Each structure stands twice: as C-alpha cells, then as structure tokens.
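Okay, structure incoming, though there's no sequence with it:
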C-alpha cells in the first residue's frame, strides 16, 4: 500500500536528515520493518526492548491517533499519511 | 552555572538548559532537576517570609535565569477554610486554595506561563505560543503583552466565548482549529518542530511546568509550614497534581516542612476521565479517549502527564474520581452558595469529586484536605445557562416592592434599629 510517513526532527539524525518518506506498507508493523531496513539506526527509537512501540511516540494516520483506529494492526489505505509525533509530557495543558 | 538543568525523566541523560522537552535518545520527557545542596542555605522560611507575597518568593526552586526580574506579582492566592462547604459534604477540616483569583488572568496557568516566559526571554524568543483549552491562552496572551512578546495562540474553535475574547483582547494572534484539543496539541508539536517559536507547553514545557510547584509551596506555607493530609486536584494533562507532589517533596528535602504522608486525589469529568479510569482499573498507563464534557478546560483525552499522575496518586495511597456534567454544574453552584467562590467547570469537577470521596469514605472528616480551585467561573458562564430564571422587572415604587415581597417566600429577617 503506497503511503507517506513524516519523521520528526528528533529522529532525523537517525535517517540521514530524511523527514518524509514515500513507501509501501500494509500496517504499522510493516512500516516499522521498512524503516528498520532503510534506517537501521532508527530501530531502537521506534520500538522498546520488548518490540512494542515506544511509550512516548504517538502515531497518527491522517490526523487520527492510531489507537482510535484499532492500534498497530490497522490496515493502511492508499495514500495514507502517517505522522510520528513525540508525546510532550513534563507539564500540563 | 545555573543551579538547575534538564534531565530525561526515564534514562537520566542531562540536557543542560535549552528549549526542548524530549530526550532525543529515548523520546521520554525532560524534567528540571536542581542542586538541592547548593540551595539549602538560601531557601529558608525566614528568607521566604522577607520576600513579597507572590510566587517569586520561591524563586530559588524555580528554573529562572540569574538576572530575571519579574514584572507581575503572580500567585500567593488565598487559602481559605471552607466550613460551610465542609458541612455539606461531610468534612470538618476543609480548605480551599483559590486560584480563581490568580493574577493576571484568574487561573493557575498564570504561574506556569510566568516561568515559561522568563525562559523564553533568556532563550531569545520574541514570539511565544501555546495550544490551549482556554485558560492558558488567556495567560500567554496577557503576559506576552505585558512582557513585550508577540503571541500566537492555538485553540479548538468551539471554546467558550469568554475564553476566546479573553485572548483576543490582549492583541494575540488567535488560530482556531477545527478539531479537539488533542488535535490542536498534536499540530502544535508539529509546528514547534518546524518553527523556532517559544511554545510554552511544547519546547518550553519542562520549565513552564515547574511554575505549578508554587501552588504547592503556597499551600504548605499558608498552612503554617505544614503539609495537609489530602489534596484533591482537577486533572487535564495531569501535570499539576504531579508538581504539587514535587513541591511537597522539595520542601521536605530542604527541611522547610516535616515529612508526612500526603494522599493525592485526582478529579476528572466522567466524559473525559482517562486518568481516573486507569487509577480505578489499577492500570499504570492511560488509554486515550475522545472527550465529551462541559468541563472544557479538562477535556484532554490523551493527557501528556497521565502516567506520572497515576503514579503520584497510587504511590500516595490516594484515589481518583470523576463526575457527570450535571454534577459539575452542581459543584459550581455549591461552592458559590456555601463559600462565595465562583469557579469554572474544572472547579465544579473538583467539588463534585470531593463530595464523592467523602461519601465513599476515601477521605475522612477530620483530615486536613485541600481542594484545588484553579479557574474562575466568569470564564465559563455558559455552563450555567438555564439554571436561573430571568427576573421580571418591577416599577421603582415602594408599593410595587411591597407587593413583590408578598409573593416571595424567602423574606429577609428585619433587624431592629
């Protein structure tokens, strides 16, 4: 499935400065595998030791939190835009 | 050398002092850490008492540039005993920390913004910004005007009109987003990633959040340098309750108060209660929700500090409650009628949850319990629409008034001259 993924500045030092990537992935696990292969240094920043998405990394599909779409197994659609956004804690809104 | 610096809350890496809120290594949030040994001699009850009655009296325990001169007397709001409210909800030692009258914009957000802007100046920003459910918008706009910053404020488009007007009046650039607060917040994270602005609750967030500690310092000082038994605190992002706990811990560390257990109780609206739900279920992480409540200032479905709030509550032996929207309105009315304090919807949540906590026996009547009132009712009057009948006018004649009096059951007592 052709999709686009946006990578935040904080992770771009592991992607040789790449902030946006067009690629093909069926779901989030697929996408992370694609990113792992393309940018090996990025891998530990996306998933923890247990292989789970890092707690402070939020994933959005076309502006919707992926957790409201059923989580990591959500099947991407053609042209989906995936946003990786750090969760900003340490304060209050 | 500053006596404080940013450290990663999870991996402990030091990041010095800079506008940043996450650790690039593990993506975890950053927290301001202090050199308490260096502070010990300069932070005593006597030295604090000699300073003006505002939040800057606690400056050594805030992340402030060495040469910073505050331009506003923020904080040091009243701590009031609340016997009449106590009678209604079954409490004998109830006190209210009333930030409904915090300067300059009538909410506890004035504290955090004051610290954030001190740092924005030091980092060289001339534009400050925020995502907000309203109170923060008001405070950033006002304090930016006062301190010569430009301000760009991002809010959900359907906020209460008073909170929108109360931002625009200061000359702020208001950007209304067709979406929820959580969406506005996510957008601001992306904008902060692209534009070098001082976002008080994104890249300045670790500094900003420290301002909330002054709410806790004041509670302890106003109780005669004692800690209370319980604190009932409204929760949106979950930071305030965490920072009050940090404030109490710091006062114990520096020997200003005696160590004692304090239980922390969180308060949320049922229509947006991700933290409360997690506490009740015994979970350590929150599950995000889509908010549906009139308590707009608490309507954050993905609370940034949720996990830390859960930890602070459970570690203390406290609990978290939530109340329905009708209970929120009833809480606002009860506080106004019993203690003469008009709070916003978040305060209604706190009062409603406190009532539940006493009823459930989670708080007992003779414990000293502080209710945190964090915002002013004049900003959310729409919550009370339809609650009071419009009065029919009468002619300005005594005979008309006497007739009106006869139709009233609640006739005031006459006092003999």
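Done, it's in. Fair warning: this is a prediction, and the values are worked out from it, not measured in the lab.

From what I see, residue B:84 and residue B:341 are in contact.
No. Checked against C-beta atoms under 8 Å, the pair residue B:84 and residue B:341 is beyond contact range at 10.8 Å. (Each C-beta comes from the backbone N, C-alpha and C, glycine too.)

So residue B:6 is in contact with residue B:34, correct?
No. The criterion here is C-beta under 8 Å, and residue B:6 misses it with residue B:34 at 11.3 Å.

lowest-pLDDT helix or strand in chain B?
The helix or strand of chain B with the lowest confidence, counting by mean pLDDT, DSSP states H and E, is helix B:181-194 at a mean of 90.

hmm, it in reach of chain A?
Yes. Helix B:181-194 comes into contact with chain A (C-beta under 8 Å from any C-beta of the partner chain), by way of B:181-183, B:185-186, B:189-190, B:193.

tell me which residues in stretch A:27-41 are buried?
A:27-28, A:30-32, A:34-35, A:39 (16 or more other C-beta atoms under 10 Å in any protein chain shown).

Quick one: the strands in chain A, in order.
A:2-6, A:20-24, A:57-61, A:64-65, A:81-86 (DSSP state E).

export these to a markdown table and tack on mean pLDDT and mean neighbour count?
Listed next are the strands of chain A as a markdown table, based on pLDDT from 0 to 100; neighbours: other C-beta atoms under 10 Å in any protein chain shown:
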| stretch | mean pLDDT | mean neighbour count |
| --- | --- | --- |
| strand A:2-6 | 94 | 17 |
| strand A:20-24 | 93 | 12 |
| strand A:57-61 | 92 | 20 |
| strand A:64-65 | 92 | 16 |
| strand A:81-86 | 92 | 20 |
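
Dump those strands into JSON lines; add distance to chain B as well.
Converted to JSON lines, the strands of chain A look like this (distance: least, C-beta to the nearest C-beta, whole Å):
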{"stretch": "strand A:2-6", "distance to chain B": "8"}
{"stretch": "strand A:20-24", "distance to chain B": "12"}
{"stretch": "strand A:57-61", "distance to chain B": "6"}
{"stretch": "strand A:64-65", "distance to chain B": "6"}
{"stretch": "strand A:81-86", "distance to chain B": "5"}
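
can you tell me which of these comes nearest to residue B:310?
strand A:57-61 (17.9 Å; C-beta to C-beta).

Please identify the pairing partners of the closest one and their relative orientation?
Each strand paired with strand A:57-61, and its direction, by DSSP bridges: strand A:64-65 (antiparallel), strand A:81-86 (antiparallel).

who's in contact with residue B:144?
Residue B:144 makes contact with B:117, B:128, B:150-151, B:170, B:172, according to C-beta atoms under 8 Å, 6 or more residues apart in numbering or on different chains.

Off-centre distance for stretch B:242-261?
Distance, stretch centre to chain centre, for stretch B:242-261: 19 Å (C-alpha atoms, centre = their mean, to the nearest Å).

tell me the mean pLDDT over that stretch?
Averaged across stretch B:242-261, the pLDDT comes to 97.

what comes into contact with it?
For stretch B:242-261, using C-beta under 8 Å, 6+ apart, the contacting residues are A:92, B:34, B:36, B:39-40, B:43-45, B:61, B:209-210, B:212-217, B:219-220, B:225-227, B:229, B:231, B:233, B:262, B:264, B:305, B:308-309, B:312, B:316-317, B:372.

Try it again at 7 Å.
With C-beta atoms under 7 Å, 6 or more residues apart in numbering or on different chains as the test, stretch B:242-261 has contacts from B:36, B:39-40, B:43, B:45, B:61, B:209, B:212-213, B:215-217, B:220, B:225-227, B:231, B:233, B:262, B:264, B:305, B:308-309, B:312, B:317.

Give me the pLDDT for residue A:93.
34.

before we move on, the earlier item: so which of the contacts of stretch B:242-261 belong to helices?
Taking DSSP state H, the ones among the contacts of stretch B:242-261 that sit in helices are B:36, B:39, B:45, B:209, B:213, B:215-217, B:220, B:308-309, B:312.

among the residues you listed, which are in reach of chain A?
Filtering those for neighbours of chain A using C-beta under 7 Å from any C-beta of the partner chain leaves B:209, B:308.

In contact with the spatially most central residue of chain A: list those residues for me.
In chain A, the centroid-proximal residue (C-alpha atoms, centre = their mean) is residue A:84; its distance is 4.4 Å. Residue A:84 makes contacts with A:5-8, A:11, A:57, A:59, as judged by C-beta under 7 Å, 6+ apart.

distance of residue B:196 from residue B:29?
As judged by C-beta to C-beta, to the nearest Å, residue B:196 and residue B:29 stand 20 Å apart.

Looking at these two, which has the bigger crowd around it?
Shown here are residue B:196 and residue B:29; by other C-beta atoms under 10 Å in any protein chain shown, residue B:29 has more neighbours (26 against 12).

where exactly do the strands run in chain B?
B:4-8, B:14-16, B:30-34, B:79-81, B:94-98, B:127-131, B:150-156, B:173-177, B:198-199, B:230-234, B:263-269, B:319-323, B:369-373.

per-residue pLDDT, the residue of the stretch 1-150 of chain B at minimum distance from chain A?
At 3.8 Å from chain A, residue B:29 is the closest residue in the stretch 1-150 of chain B, using C-beta to the nearest C-beta. Per-residue confidence at residue B:29 stands at 90 (pLDDT).

Verify the contact between it and residue B:9 for me.
Yes. Counting by C-beta atoms under 7 Å, residue B:9 is a contact partner of residue B:29 at 5.1 Å.

so where's the chain shaky on pLDDT?
All of this is about chain A. Residue ranges of chain A with pLDDT under 70: A:89-93.

ah, I was thinking of chain B
B:1.

Show me which residues of it are close to chain A?
So chain B meets chain A at B:9, B:21-22, B:24, B:27-31, B:131, B:133, B:136, B:181, B:183, B:185-186, B:189-190, B:193, B:201-202, B:205-206, B:208-209, B:212, B:236-240, B:288, B:300, B:302, B:304-305, B:308 (C-beta under 7 Å from any C-beta).

hang on, the earlier thing: between residue B:6 and residue B:34, which one's more packed in?
For residue B:6 versus residue B:34, the count of surrounding residues by other C-beta under 10 Å is larger for residue B:6: 24 against 20.

what's the burial count for residue 16?
No chain in the question, so chain A it is. Residue A:16 has 9 nearby residues by other C-beta under 10 Å.

my question was about chain B
There are 9 residues near residue B:16, going by other C-beta under 10 Å.

what does the one 4 residues further on give?
The criterion is other C-beta under 10 Å. On that basis, residue B:20 has 17 neighbouring residues.

so it sits right up against residue B:203, yeah?
Yes. At 5.8 Å, residue B:20 counts as touching residue B:203 under the criterion of C-beta under 7 Å.

if I pick the residue nearest to residue A:62 when sequence neighbours are not counted, what's in contact with it?
Once flanking residues are discounted, residue A:62 sits nearest to residue A:81: 5.5 Å by C-beta to C-beta, 6 or more residues apart in numbering or on different chains. Taking C-beta under 7 Å, 6+ apart, we find residue A:81 in contact with A:4, A:6, A:62.
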